Structure formats: structure tokens, C-alpha cells
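Asks: Just a sequence and a predicted model for now, questions to come.
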Amino acid sequence: MTKEELSHLKEIKKGQDSYDHPDFYNLDDLFSEEHLLVRDSVRSYVKKELSPIIEDCAQRNYFPSHIVKQLGDVGCFGPQIPVEYGGGGLDYISYGLAMQELERCDSGIRSTASVQGSLVMYPIHKFGSEEQKRKYLPKLGSGEMLGCFGLTEPDHGSNPNGMTTNFKEDGDHVILNGAKMWISNAPEADLAVVWAKNEEGIVKGVIVERGMEGFTTPETHNKWSLRASCTGELVFDCVRVPKKNILPGVSGLKGPLTCLNSARYGISWGALGAAMDCYESARKYAAERIQFGKPISGFQLQQKKLSEMLTEITKAQLVCWRLGNLMNEGKATPAQISLAKRNNVEIAIQIAREARQMHGGMGITGDYPVMRHMMNLESVITYEGTHDIHLLILGMEITGENAFI
Ligand code: TGC
Ligand code: FAD
């Protein structure tokens, strides 16, 4: 899509997004002024720059790469990272609210931001050397650079510990071989945080930059989901990476899994955003759509759907709010995060399906966001740990028994 086409779309669809969020339990009263400011500024940005173009981008399977800089400007990259390293210096509730507003628009847009903030900036900040932090974080925070996170491999998804991507020492360099699959942002990324095993079989994080010889990022085609986000592979064919690009602060699988805690937390809020958008769309449609001589919102069956949606949204909002506070206090456990990610994505996908039905035939078109959200959420329920993997994490927490193997 050309820049001219995008700005034309923006012009004709300007001001058409009247979204406001449901707040049945007055949760806004629990947020600070700063939280509300962050939420409202991301919301205004979405209405102005993203809502007018998102449907067309998804229909055309087009990643609007010009928004990377904008997302940096509006503070969506690493809001929870300290300001001195290019982040926003905000707390985890602000981070969650930003993800909620982005995914209210589209899960793919939230993906771009949560990969950048939680899976690229976060590991560099937490496990990187001072030199790595100074070199990469400000440019990632501002959107001057885009990053991606390579954990999943063609043969190792839910079980990343089986990874075969590896590196061997060669003087002041390492030689990296292997491949990663299903990597968000990969085709457009300037750098990748890659998890690979050293010669002792220990997982380490390695920063691989675009342009390093033997490193390619082929795009993944034919997706029916996250069509406004780009996904690809990371292929390493004897890539010589300077040793100084290895993250010194962590060894073992807990490195990537620690990053996932932050990203999964953001998804809990994000999925809630998608659910709220579907609910709002269904509520408005039901009030306007006349059948049998009255608005369909007057029929009990439609009211049941709306009531159940609002109930689940309200419960999910409370989960997010409480988990956000636990994150701020450094007390949130991986199992608590799994519960939130699993529950909120599940309720969002159910709400998207019900909302799709409430729109009748119109629900399958791009005139309403519900089918796009529904299809996006099929990825969200799979990545960052599938629905069943999070159930097993909870199962192990409850029983002490490992049912993965
Ligand atoms: P296990 O033996 O349980 O653990 C290995 C080490 O890791 C520690 N650990 C954690 N540390 C921090 N946070 C967590 N959540 C942790 N979970 C485990 C653990 O304590 C241990 O440490 P240590 O010091 O004893 O070595 O590992 P396992 O091999 O049995 O696997 C456990 C399992 C299955 C739960 C884990 O591998 C898993 O979560 N699998 C799902 C994989 C996954 O989520 N992949 C996501 C890829 S990234 C992605 O999808 C991005 S999409 C982004 C977007 O577009 O938004
Ligand atoms: P598998 O692990 O093969 O699972 C297949 C099925 O088996 C699932 O239903 C699963 O729940 C089930 N299963 C697996 N093990 C067990 C078990 N022990 N017990 C019971 N059931 C089990 N990864 C990255 O590293 N970086 C990214 O940026 C990234 N972005 C992504 C973007 C998209 C659009 C998608 C779709 C995926 C992305 N992923 C990314 C990969 C994602 O994390 C994996 O798809 C996910 O972890 C599942 O792995 P898999 O697809 O190999 O499925």
C-alpha cells in the first residue's frame, strides 16, 4: 500500500471511531491520573492514526511499517523500562493500559509493541551489558529500530528447551546456526534477540543484527490471523556474531521465560481490549438493527449475550488490575500470569464469536471489527504459551505434579 493510499484512507475515515470502554464497576476510580493520561493518549492516537487504516491493512495483509516510529513517539515501546534507557519509566498498570488500547484496535498492532517492549527491550535491559543497553535501548524505545524475539523453532514450540539453534566459539566471535519460526516483526526487524544453546548446551541470549552475513528473515505467508502484523522465520547459516552481543546476565531457559512473564501480562490487558471492542460494537449494532419491528437489543437472547459479555469483561478487568498491582510490587508469580493470559484470551475469543453472531451477516465483513478480532485471537490463544500449556502451568502449581511430560 502506498503512503498516498494510506493518507487518503485516513482522510475519508477520520473521526469515525467513537469507541469508549465499558466500566461497569467504576474501575477508572482505581487508576491514577497518570494511568488515565497514558490510556487516553494511546486511545487518541489509535483513533486518529490507526482506526482509519487498520481494516484495509488487515484485508490486504499489509504491515503498516510507518507506525513503528509513531508507536515510539506515543510511548508504546517499553513504557515500563526506565527513561534513561529509552523507556517510559511508567508502572505495569500504565503498560497494561497501553496494550489494552492498542489491541482494542488490533492484536497485531499490540504484538508489534509487546514484542518490542517485553521481548526485546526487556531482556536487553534486564540481562544486557551497559554497552548493549546504551547501544540499543534508546533506538528501540523511540521506534528508530524494530526488534524481534526468536525462541520458537520449527520442531520446538511448546517445548523450547528442545531447541537446536546453537553457537560455537571462534575467537572473539561465535558462529550461530539454526532456524526460528513464527517470529513476529521478523521480516522488518533491525535486530533479533535469539535464544540459542552454547557448546555446553546452555541456553543464552544473542543479539543478531540485520546485515550480518548468513542471517535472513523470510516472511511467513497465507495467514488468516494477525494480517496487519508481519511474521517470519530467522535463519542462521554460520552467522559470525561478536561475543559482545551475548547477553551476559542470564543462562538457561529461565532467560526467555522471564521475558514471557512480562509479555503474557501485557497480553492479558490486550485481549481485554479486543473483547471490549467486540462488546461495544455488538451493543451499538443491537441497538440500531431492527428485526420483527424492534431493535434486536430488545430480545432476551441478545440481552443474554450482552450481559454475559459484560460480566466476563468486568471479571477480566479486575484480574488485570490486581495482577498489575502484583507486578508493580514484584510479587506476581508465573502461574498467576498464566491464569490471567489464559482466562482473558479465552473470554475475548468467546466474546468475539458471540459478537460476530450478533452482527448477523454484517459480522463477517470488514465494516465491523469483530471478525478481524476473532481471527486475530486465534493466534493470541496460541502464542506466548498455548491455552493448554497455561492450563498445565496452573495444574502444576495446584498439584505439584508436572503433566508436561
Ligand atoms: P522448566 O524446567 O519448568 O523451567 C526451566 C527453568 O526456567 C524457569 N522458569 C521460569 N522462569 C521465569 N518465568 C517463568 N515463567 C518460568 N517458567 C519456568 C524454571 O524455574 C527453571 O529455572 P532453573 O533455574 O531451575 O533452570 O522448563 P520446561 O522445559 O519444563 O518448560 C516449561 C514450560 C512448558 C512451561 C515452558 O517451556 C513454556 O512456557 N512453554 C511455552 C513456550 C512459549 O510460551 N513460547 C512463546 C514463544 S514467544 C511468543 O510466542 C511471542 S508471540 C509475541 C507476540 O506477537 O505478541
Ligand atoms: P506445538 O507446541 O506443536 O503444540 C501443538 C498443540 O499441542 C497445542 O495445542 C499445544 O497446546 C499441544 N501440546 C504441546 N505440548 C503439550 C503437552 N505437553 N501436553 C498437552 N498438550 C500439549 N514465537 C517466538 O519465539 N517469537 C515470536 O515472536 C512469535 N510470534 C508468533 C506469532 C504468531 C502469529 C504465531 C502463531 C506464533 C508465534 N510464535 C512466536 C510461536 C508461538 O509461541 C508458538 O506457536 C506456540 O508456543 C506453540 O508452539 P507450536 O506452534 O509449535 O505448537
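Replies: Structure's in. What do you need? Ligands and ions are numbered 1, 2, ... in the order given.
Asks: going forward, measure contacts between C-alpha atoms and count neighbours the same way
Replies: Will do.
Asks: just checking, what packs against the helix ranked longest in the chain?
Replies: As assigned by DSSP state H, the longest helix anywhere in the chain is helix 254-288. For helix 254-288, the elements it packs on are helix 92-105, helix 107-114, helix 122-127, strand 203-209, strand 294-295, helix 300-328, helix 334-358, helix 370-380, judged by 3 or more Cα pairs under 8 Å, 6 or more residues apart in numbering; DSSP states H and E.
Asks: what's the closest of these to Lys135?
Replies: Within these, the stretch nearest Lys135 is helix 122-127; the backing value is 10.1 Å (Cα to Cα).
Asks: And the helices in the stretch 51-200 of the chain, which stretches?
Replies: Here the stretch 51-200 of the chain has its helices, by DSSP state H, counting those that start in this stretch, at 51-59, 67-73, 92-105, 107-114, 122-127, 130-142.
Asks: Throw the ones you listed into JSON lines and include distance to ligand 1, mean pLDDT and mean neighbour count, thanks.
Replies: What follows is the helices of the stretch 51-200 of the chain, written out as JSON lines (distance: least, Cα to the nearest ligand atom, whole Å; pLDDT from 0 to 100; neighbours: other Cα atoms under 10 Å):
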{"stretch": "helix 51-59", "distance to ligand 1": "15", "mean pLDDT": "97", "mean neighbour count": "20"}
{"stretch": "helix 67-73", "distance to ligand 1": "14", "mean pLDDT": "98", "mean neighbour count": "19"}
{"stretch": "helix 92-105", "distance to ligand 1": "10", "mean pLDDT": "98", "mean neighbour count": "28"}
{"stretch": "helix 107-114", "distance to ligand 1": "4", "mean pLDDT": "98", "mean neighbour count": "28"}
{"stretch": "helix 122-127", "distance to ligand 1": "12", "mean pLDDT": "98", "mean neighbour count": "22"}
{"stretch": "helix 130-142", "distance to ligand 1": "16", "mean pLDDT": "98", "mean neighbour count": "19"}
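Asks: Quick one: closest of these to ligand 2.
Replies: Relative to ligand 2, the nearest member of these by Cα to the nearest ligand atom is helix 107-114, separated by 8.1 Å.
Asks: How about the contacts made by Asp237?
Replies: Neighbour list for Asp237: Leu176, Asn177, Gly178, Gly214, Phe215 [criterion: Cα atoms under 8 Å, 6 or more residues apart in numbering].
Asks: and of those residues, the nearest to ligand 1?
Replies: For these, the nearest to ligand 1 is Gly178 (16.2 Å; Cα to the nearest ligand atom).
Asks: Can you give me the distance of the closest residue to the closest one other than its chain neighbours to ligand 1?
Replies: Of all residues not flanking Gly178 in the chain, Thr165 sits nearest, at 4.2 Å (Cα to Cα, 6 or more residues apart in numbering). Computed as Cα to the nearest ligand atom, to the nearest Å, the Thr165 to ligand 1 distance reads 14 Å.
Asks: List phi and psi for Thr165.
Replies: The phi/psi pair for Thr165 (degrees, to the nearest 10) reads phi -60, psi 130.
Asks: does it really touch Leu176, like I thought?
Replies: Yes - counting by Cα atoms under 8 Å, Thr165 does reach Leu176; the two are 7.4 Å apart.
Asks: near ligand 1, which residues of the stretch 301-405 of the chain?
Replies: Pro334, Tyr383, Glu384, Gly385, Ile393 (Cα under 6 Å from any ligand atom).
Asks: one more time with 5 Å
Replies: Contacts of the stretch 301-405 of the chain with ligand 1, taken as Cα under 5 Å from any ligand atom, map to Pro334, Tyr383, Glu384, Gly385.
Asks: got JSON lines for the residues you listed, with distance to Tyr92, secondary structure and neighbour count too?
Replies: Formatted as JSON lines, those follow (distance: Cα to Cα, whole Å; DSSP: H, G, I helix; E, B strand; the rest coil; neighbours: other Cα atoms under 10 Å):
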{"residue": "Pro334", "distance to Tyr92": "15", "secondary structure": "helix", "neighbour count": "19"}
{"residue": "Tyr383", "distance to Tyr92": "21", "secondary structure": "coil", "neighbour count": "15"}
{"residue": "Glu384", "distance to Tyr92": "18", "secondary structure": "coil", "neighbour count": "21"}
{"residue": "Gly385", "distance to Tyr92": "21", "secondary structure": "coil", "neighbour count": "20"}
